[in-house]
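Student: sharing a model that was predicted from the sequence below.
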Amino acid sequence: YGELYVTLVVDEVTDNTETENPMDLITVERVMYATVKAPATDNKQLKAGVVREFSTPITFAPINTEEVFVIKDYESLKKFKEEIEAAQTNTNTEVLSKNAVMTNDVVIEGDWTPINCKSWTGTFKGNGYAISGLNYPLFAQVSGAFDGLHLTNVNITELYIYDSSNSSTNRIAPLALAFFGPYIKNCSTSGNINVTTSVKVRELSGIVGIYSHASADVEVRNCVNNCEINVNLNDNDTGTQSYPYIGGIIGRVQGSAGNIFVIDNCTNSATITVGEKRESNTYVGGILGKIEKSEMQMTNCTNNETINMAAAADNTRSTGYFVGGLVALYEASMTNSSATNCINNGELKFTGALKSSKHSLFMGGLFGSIRNTGTAINQCTNNGNISITGTSNGTEYIDGLVGQNKDDNATISDSVSNGTITGAK
């Protein structure tokens, strides 16, 4: 392995920044399974914009591959799946805490069976590589973390059921149906989710179905969804109501009092279309379908694409339709939640009839509805037009920023809607 001479660029420092370890301030691209060691130096000052010169070469010491899962092809991805699922069965905590590191792009061969390992707590380091061709989610359940993973050529056309005894676990998403880990960073998806089903579906998203964090602060940063979502949930055919939560990034975030959910610099760039078959409350947001019980800190998030929702054609049940450019519904007894510097550029379109007083529409350029959260909306913009097509005998809560605000402590400052609203009664 020897010595390797490389040029490393100092990352985000000002003149005369001091550090005991110069490597703390250096970004190394695509070091897959190596430990980077910098030589000792008496000069602790680094100059901004100047390439750092070391008197001795930086060395790369290979990591023991027994300590990590190295994923370099489809076979090694399957081996990772087999080993952590076996470790879950055998309660092998050492294996369940091992990280996974990608060193190459991976192409799925044939039908993929999702990894069902809620007990795995390692970090999946994608290093900017892609897994291509998933027809089912990569994970059913997982408690690890993700960084730098890209899922491309996703083509999900049917529901994957991992717990047939509990219909509330029926979900659709490319990365994970149910996520319990500390963070997701620098990940993206692209492809198509095109599903028609009569089976009850609870959460659906371009990246993660449900993010559940009952006992910890968690974060999602720098993630992008490019998966087109087109779903018809035919629950009126079976009498089983779905109550689906649908989001470009996450379908539903479920926390607990005192926990913080951070989402920063995430973007949805794919159209979301929900057909008319449901007869149940439906929540569709460009970033999140619903967030509940958790304090939210949302910054620099953007929805760029159209959201289409259709009312159920022959609906006789009490039903609420929630549509938000960023979030469909935020419901939590919190006091310090915020949305800052977020933008909706996508059109919001609702078609079909609100046939009776049992039916309500909550539609906002940023939030469909905010309830009991103490949310501060600051420096946010809606550029998307809002249109409602069809007769209405129900109740409508429609606004360029927040459709319904049931929060006496919520504030909106330095925010504007540039979109038009048409068809509202």
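Tutor: Nice, I can see it. Residues are numbered from 1 along each chain as shown.
Student: list the contacts for the residue nearest in space to the middle of the chain?
Tutor: Centroid-nearest residue in the chain, with C-alpha atoms, centre = their mean: Ile249, separated by 3.3 Å. By C-beta atoms under 8 Å, 6 or more residues apart in numbering, the contact set of Ile249 is Ser205, Gly206, Ile207, Val208, Val220, Cys223, Asn225, Ile263, Cys266, Asn268, Ile287, Leu288. The way it works is simple: take the backbone N, C-alpha and C, and place the C-beta from them, glycine included.
Student: distance of it relative to Ile291?
Tutor: Noted for Ile249: a distance of 11 Å to Ile291, by C-beta to C-beta, to the nearest Å.
Student: tally of neighbours for Gly258?
Tutor: Residues within reach of Gly258, counting by other C-beta atoms under 10 Å, total 11.
Student: need the contact list for it.
Tutor: By C-beta under 8 Å, 6+ apart, the contact set of Gly258 is Glu295.
Student: ok but it is inside a strand, no?
Tutor: No - Gly258 sits outside any strand when classified using DSSP: H, G, I helix; E, B strand; the rest coil, being coil.
Student: surely Ile71 touches Val106?
Tutor: Yes - between Ile71 and Val106 there is a contact at 6.5 Å, judged by C-beta atoms under 8 Å.
Student: compare these two and say which one has the larger neighbour count.
Tutor: Ranked by neighbour count (other C-beta under 10 Å), Ile71 and Val106 place Ile71 first, with 25 against 21.
Student: quick one on the thing from earlier: what's the overlap in contacts for Ile71 and Val106?
Tutor: Residues within reach of Ile71 and of Val106 at once, by C-beta under 8 Å, 6+ apart, are Leu77.
Student: poorly predicted segments of the stretch 51-200 of the chain, please.
Tutor: Low-confidence segments of the stretch 51-200 of the chain, defined by pLDDT under 70: 51-65.
Student: which parts of it are helices?
Tutor: 74-90, 93-96 (DSSP state H, counting those that start in this stretch).
Student: give me the neighbour count for Thr196.
Tutor: Counted with other C-beta under 10 Å, the neighbours of Thr196 add up to 14.
Student: and if you look at Gly403?
Tutor: By the criterion of other C-beta under 10 Å, Gly403 has 26 neighbours.
Student: pLDDT score for it?
Tutor: Listed pLDDT for Gly403 reads 96.
Student: residues contacting the residue nearest to it when sequence neighbours are not counted?
Tutor: Counting by C-beta to C-beta, 6 or more residues apart in numbering, Gly403 lies nearest to Gly364, which is 3.6 Å off, once chain neighbours are set aside. By C-beta under 8 Å, 6+ apart, the contact set of Gly364 is Val323, Gly324, Gly325, Asn382, Tyr397, Ile398, Asp399, Gly400, Leu401, Val402, Gly403, Gln404.
Student: 7 Å instead?
Tutor: Contact analysis of Gly364 by C-beta atoms under 7 Å, 6 or more residues apart in numbering lists Gly324, Asp399, Leu401, Val402, Gly403.
Student: quick one: contacts for the second one?
Tutor: Applying C-beta under 7 Å, 6+ apart, we find Asp399 in contact with Gly364.
Student: same question for the third one.
Tutor: Leu401 is in contact with Gly364, Gly365, Leu366, Asn382, Ile412, Ser415, Ser417, counting by C-beta under 7 Å, 6+ apart.
Student: do the same with Glu85
Tutor: Applying C-beta under 7 Å, 6+ apart, we find Glu85 in contact with Ile115, Asn116, Cys117.
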